[in-house]
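S.K.: Give the three-dimensional model of this entry:
(2 chains)
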Amino acid sequence: GENVEQHPSTLSVQEGDSAVIKCTYSDSASNYFPWYKQELGKGPQLIIDIRSNVGEKKDQRIAVTLNKTAKHFSLHITETQPEDSAVYFCAASRVKAAGNKLTFGGGTRVLVKP
Amino acid sequence: GAGVSQSPSNKVTEKGKDVELRCDPISGHTALYWYRQSLGQGLEFLIYFQGNSAPDKSGLPSDRFSAERTGGSVSTLTIQRTQQEDSAVYLCASSLVLGSSTDTQYFGPGTRLTVL
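M.R.: Prediction:
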């Protein structure tokens, strides 16, 4: 089955700096890669996703890049703010009509210092 | 509109007891997923339902775990004879199936289960 590795496990940055989180996956058939943000006591919230037919996607201060050949994808957060502090999870799956089981990375705890 | 809701938010039970966890998906979403989040195992898939198809139970850790989805909406995850290792946050997600592919999964707040 799919295996997703995520690094680093913790990341501390100064407010205004950039944060980068990297993930690798094992199943070359995976074609959907979402990123979730989880705040304390809440469920994961999708912040951005990318499908295997594109290499990069941006949404304001957040961007995700995908390298299918190397089987890795990354999350980039620019101009970090204290409210970006949370745990971030990457995931991978094979999207199909019958369902979309997500395999998650281990998570990255991001702390943005004011 | 309303998101995915789960109840109870917290559940404390004694080892050996049965528990039921409930999930109300977003209205109109045909796919429903259960995941478990624990310190040792991270976020792991348990089971999903898609329309009237047979559920994919491949992630259930043992036969003590079961789930059903009535009327294509509400789902209940049942854990029988709970063990301490069942302590975790149980998360439910739903998605809207569009054409030949499934869409974004939206998560509920989870149920924190503690087995004493």
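
S.K.: going forward, measure contacts and count neighbours with C-alpha atoms only.
M.R.: Fine.

S.K.: Show me what residue of chain B gets nearest to chain A.
M.R.: B:Pro109 (4.2 Å; C-alpha to the nearest C-alpha).

S.K.: who touches the nearest residue to that residue once chain neighbours are set aside in this structure?
M.R.: Distance criterion C-alpha to C-alpha, 6 or more residues apart in numbering or on different chains; nearest residue to B:Pro109, sequence neighbours excluded, is A:Gly43 at 4.2 Å. Neighbouring residues of A:Gly43 by C-alpha atoms under 8 Å, 6 or more residues apart in numbering or on different chains: B:91, B:107-110.

S.K.: May I have the phi/psi pair for the residue of chain B closest to chain A?
M.R.: When read as degrees, to the nearest 10, the backbone of B:Pro109 gives phi -80, psi -10.

S.K.: swap in A:Pro82?
M.R.: Main-chain torsions, A:Pro82, degrees, to the nearest 10: phi -50, psi -30.

S.K.: for the chain, what are the low-confidence residue spans?
M.R.: All of this refers to chain A. Chain A contains residues with pLDDT under 70 at A:97-98.

S.K.: switch to chain B, that's the one I care about
M.R.: Within chain B, the segments meeting pLDDT under 70 span B:1, B:40, B:98-102.

S.K.: Can you name the residues of it that neighbour chain A?
M.R.: B:31, B:42-45, B:48-50, B:53, B:91, B:97, B:99-102, B:104-110 (C-alpha under 8 Å from any C-alpha of the partner chain).

S.K.: Can you tell me which of those are buried?
M.R.: Applying 16 or more other C-alpha atoms under 10 Å in any protein chain shown to those, the neighbour count classes B:31, B:43-45, B:48-50, B:91, B:97, B:102, B:104-110 as buried.

S.K.: any idea which element the residue in chain A that chain B sits nearest to lies in?
M.R.: Chain A approaches chain B most closely through A:Gly43 (4.2 Å), counting by C-alpha to the nearest C-alpha. Assigned by DSSP states H and E, A:Gly43 belongs to no helix or strand.

S.K.: Next, count neighbours for the closest residue to B:Phe107 other than its chain neighbours.
M.R.: Counting by C-alpha to C-alpha, 6+ apart, B:Phe107 lies nearest to B:Ala93, which is 4.1 Å off, once chain neighbours are set aside. For B:Ala93, the count of nearby residues is 28 (other C-alpha atoms under 10 Å in any protein chain shown).

S.K.: ok, B:Ala93 - contacts?
M.R.: Here B:Ala93 is in contact with B:4, B:25, B:32-35, B:105-108 (C-alpha under 8 Å, 6+ apart).

S.K.: Can you list which of those are found in strands?
M.R.: B:32-35, B:106-107 (DSSP state E).
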